[in-house]
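Novice: Based on what follows, work out the 3D shape:
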Amino acid sequence: SRSAIAMLRVGNRALWWVVAGSAILLTIVLFAVPVRALFSFAPVHARDISLSLLAGLACLGWFEILKLTPWWRRLRVGRALQP
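Specialist: Residues are numbered from 1 along each chain as shown. The predicted model follows:
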């Protein structure tokens, strides 16, 4: 029910450790040539990364909009839509 920014303000050290660890491991797997060869990954281009980030931000924005709309709240609570 809280926005993404409100959730980031809450002190959750475990979340930050998981996010940082995932980002570091993903960076190593995608950009270190020996590790990338181990997983048989192709080189990642800047266009692919920017497209992935844009898609992630679009999904985040979409869900933030859904949290703000009144009809979505009624569905989440389980009440039927009333005219």
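Novice: what ranges of this structure fall below the confidence cut-off?
Specialist: 1, 70-83 (pLDDT under 70).
Novice: ok, which stretches of it are strands?
Specialist: Counting by DSSP state E, the chain has no strands to list.
Novice: quick check: longest helix of it.
Specialist: Ordering each helix of the chain by length in residues (DSSP state H) puts helix 46-68 first.
Novice: got the CA positions of that one in PDB?
Specialist: The C-alpha trace of helix 46-68 is given here as PDB (Å, rounded to 0.1, in the frame of the first residue of the first chain):
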ATOM      1  CA  ALA A  46      24.300  -0.300 -23.800                       C
ATOM      2  CA  ARG A  47      21.100  -0.400 -25.800                       C
ATOM      3  CA  ASP A  48      20.000  -3.600 -24.100                       C
ATOM      4  CA  ILE A  49      20.800  -2.300 -20.600                       C
ATOM      5  CA  SER A  50      19.000   0.900 -21.200                       C
ATOM      6  CA  LEU A  51      16.000  -1.000 -22.600                       C
ATOM      7  CA  SER A  52      15.900  -3.200 -19.500                       C
ATOM      8  CA  LEU A  53      16.100  -0.300 -17.200                       C
ATOM      9  CA  LEU A  54      13.400   1.500 -19.000                       C
ATOM     10  CA  ALA A  55      11.100  -1.600 -18.900                       C
ATOM     11  CA  GLY A  56      11.800  -2.000 -15.100                       C
ATOM     12  CA  LEU A  57      11.000   1.700 -14.500                       C
ATOM     13  CA  ALA A  58       7.800   1.400 -16.600                       C
ATOM     14  CA  CYS A  59       6.600  -1.600 -14.600                       C
ATOM     15  CA  LEU A  60       7.400   0.200 -11.300                       C
ATOM     16  CA  GLY A  61       5.500   3.300 -12.500                       C
ATOM     17  CA  TRP A  62       2.500   1.200 -13.600                       C
ATOM     18  CA  PHE A  63       2.200  -0.500 -10.200                       C
ATOM     19  CA  GLU A  64       2.500   2.900  -8.400                       C
ATOM     20  CA  ILE A  65      -0.300   4.200 -10.600                       C
ATOM     21  CA  LEU A  66      -2.400   1.100  -9.800                       C
ATOM     22  CA  LYS A  67      -1.900   1.600  -6.100                       C
ATOM     23  CA  LEU A  68      -3.300   5.200  -6.300                       C
END
